[in-house]
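> Here is my input, please return the structure:
(2 chains)
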Amino acid sequence: MCARESEDLHRTTRKLDQIFASLGHGMYVVDCERRIQMWNRSAEAILGWSADEVLGRDCRDFIAHQDDAGNRLCETQCPLAASLSEERTIFAGTVWAHRKDGGLAPANVSCVALFDEEDNLAGAVEVFSDATVQKEMDRIKSQISSVVAHELRTPLTAMLGYLDMVINGDAGKINAEQDEFLRIVRSNVDRLQELVNDFLDLDKLETGRSVLHWEECRLEHVIEEMLEVLSPVAAEKHLEIVVDIREAPVLLCDRRLIGQVVSNLVSNAIKFTIDGEVRVSARGEGESALLVVEDTGVGIPVDELGRLGERFFRASTASLAGASGSGLGIAITREIIEKHEGELTIESRPGEGSTFMVRLPAAKRRPGA
Amino acid sequence: MPVNEKQTVLIAEDDPQIANMIKYKLEKSGYLVVWGEDGGAALDLIRENPPDLVILDVMMPVMDGFEVLRALKSDPATRGIPVIMLTARGMEDDILKGFESGAVDYMIKPFSIQELAARVKANIGRKG
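This is a model prediction of the structure:
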């Protein structure tokens, strides 16, 4: 090698060393025997060991990844070993790594096999990030869900039941004014109940605990069923629901959940429309069934469209219609549509109205099959 | 059954306020109501004096609703008593499990007390 080439190589190596050291992710390289060859500063920051302590040592002797249940992954499902033996990239998700101080650090891990200039397997590199914050957020989230699920349900059941008995006259006759006031209490308890229900539904969908019951059904029938319940609500606000249902391909779906999508979208349209009409249409388009819900309501500002579907997000225009709600309906709708491998598109102009379009794949393209 | 004797409903529910609420409503509707504060106590009461209908909360200490239901259905003396399950939102799979184990009906908490009374009325003569 001439002096010039050697200098170039030296410069390149130096540059790579600096990049390796400055990475925000923990990173280390092992050879085929899983002995550590390189170890960066972030790895030291997350796990506590310095490069001097670990270079040349077998990673199984100290990092020793384990799963949530505490099972050691080294000899069975180690992501590094898998990338070595299968010669590919492995995204292992979150595993637990042993820290120098004896504690365990949750780490999001991915591993890639490395090859030398003759394409022979030379080792593997593991990149990992500290998942402590994410783990803590997950824990808090599931704790909140369970508090909502168990602690709010019981008081709501008692409030609703006793209130109904009083309104019903079970505990003695009440006068017109008492009746009016209690009905106001009742409508607010209903709102709380709606919020709790939405929260539980969304949590169940997001955590994958929701088991879908697949069956063949027609979107047209689901819409008709839901409109029976929703038409009186529209009539109360003197809104007309214009229905335009044409034949659409048969769906393979969870009928109850698709009913919930129709119900969420149509009741939103009613809620956010002060005067004018709500138009519900269904039709087939190629391999899909389309559901379109249009309204002449308050609309959603363009810069807020992307945030619809975020938990508890409510468009700034919502108060114009005096509408109440949990801000979870669209998030639930979106989750359900995703579970059906469908698509939700939203168009809106403030002051003119909104259009929600749902595209669902026809039965022959069963999601996941 | 003698003509003038009231029909009996047993409530298995660990929350006293909710149990009382159901008791109040059903007594107003003309039933005799017995309360078991957990699964085990409810089962003892049912065996001592078989009621005409049982309202069974799923989540209870000592024995949960399903365990009580299984015990009732495996005993010829109590097999025929119709059972209405009280289950929780978000636990819809419980409904199927309840029907498979022999429940005649279910209500999801929070439920309408008027509707529960109507369902008791509809199911109380039925064979469970």
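
> pLDDT below threshold where in chain B?
Applying pLDDT under 70 to chain B flags residues B:1-4, B:89-90, B:92, B:127-128.

> which residues of chain B fall in strands?
Secondary structure of chain B (DSSP state E): strands at B:8-12, B:32-36, B:53-57, B:83-88, B:105-109.

> Report the beta-bridge partner residues of A:V278.
Under DSSP bridges, the beta-bridge partners of A:V278 are A:I241, A:D295.

> what about it, how many residues close to it?
28 (other C-beta atoms under 10 Å in any protein chain shown). Any C-beta I mention is one placed from the backbone N, CA and C, and that applies to glycine too.

> With A:A323 instead?
For A:A323, the neighbour count with other C-beta under 10 Å is 18.

> where does it land on pLDDT?
You'll see A:A323 listed with a pLDDT of 73.

> So in terms of bridging, what pairs with the closest residue to B:K6 other than its chain neighbours?
Nearest residue to B:K6, sequence neighbours excluded (C-beta to C-beta, 6 or more residues apart in numbering or on different chains): B:L32, at 4.3 Å. Residues in a beta bridge with B:L32, per DSSP bridges, are B:T8.

> contacting residues for B:L32?
By C-beta atoms under 8 Å, 6 or more residues apart in numbering or on different chains, the contact set of B:L32 is B:K6, B:Q7, B:T8, B:V9.

> Relative to A:T13, how far out is the second one?
Taking C-beta to C-beta, to the nearest Å as the criterion, B:Q7 is separated from A:T13 by 89 Å.

> Among the two, which residue is more densely surrounded?
When B:Q7 and A:T13 are compared for neighbours, B:Q7 comes out ahead with 17 against 10, by other C-beta under 10 Å.

> Just give the nearest non-adjacent residue to the more buried one, would you?
The shortest distance from B:Q7 to any residue other than its chain neighbours is 4.4 Å, reached at B:D52 (C-beta to C-beta, 6+ apart).

> isn't that neighbour right up against B:I124?
Yes: using C-beta atoms under 8 Å, B:D52 is in contact with B:I124, at 5.4 Å.

> Give the intersection of the neighbour lists for the two.
Common neighbours of B:D52 and B:I124, using C-beta under 8 Å, 6+ apart, are B:Q7, B:V9, B:P82.

> Establish whether the longest helix seen in chain B and chain A are in contact.
The helix that spans the most residues within chain B, counting by DSSP state H, is helix B:16-28. Yes: using C-beta under 8 Å from any C-beta of the partner chain, helix B:16-28 reaches chain A at B:Q17, B:I18, B:M21, B:I22, B:Y24, B:K25, B:K28.

> Now the element after the longest strand belonging to chain A, going C-ward?
Ranked by residue count and defined by DSSP E, the top strand of chain A is strand A:104-115. Where DSSP states H and E defines the elements, the next helix or strand beyond strand A:104-115 is strand A:121-130.

> Count the neighbours of A:G322 for me.
Neighbours of A:G322 (other C-beta under 10 Å): 10.

> ditto for A:F20
By other C-beta under 10 Å, neighbour count at A:F20 equals 17.

> does it sit in a helix, a strand or a coil?
The three-state label given to A:F20 by DSSP: H, G, I helix; E, B strand; the rest coil is helix.

> In contact with it, which residues are there?
Contact analysis of A:F20 by C-beta under 8 Å, 6+ apart lists A:M27, A:M38, A:N40.

> Please repeat the previous calculation with a cut-off of 6 Å.
Residues near A:F20 by C-beta atoms under 6 Å, 6 or more residues apart in numbering or on different chains: A:N40.

> Please apply the same query to the one 3 residues further on.
Shown here is A:L23, whose contacts under the criterion C-beta under 6 Å, 6+ apart are A:N40, A:S42.

> Any figure for the gap between it and A:R72?
27 Å.

> What of B:P61?
As defined by C-beta to C-beta, B:P61 lies at a distance of 37 Å from A:R72.

> quick one, which of the two is more surrounded?
Per other C-beta under 10 Å, whichever of B:P61 and A:R72 has more neighbours is A:R72, with 15 against 11.

> Nearest residue to the middle of chain B?
Computing the C-alpha centroid of chain B and ranking residues by C-alpha atoms, centre = their mean puts B:I55 first, at 1.3 Å.
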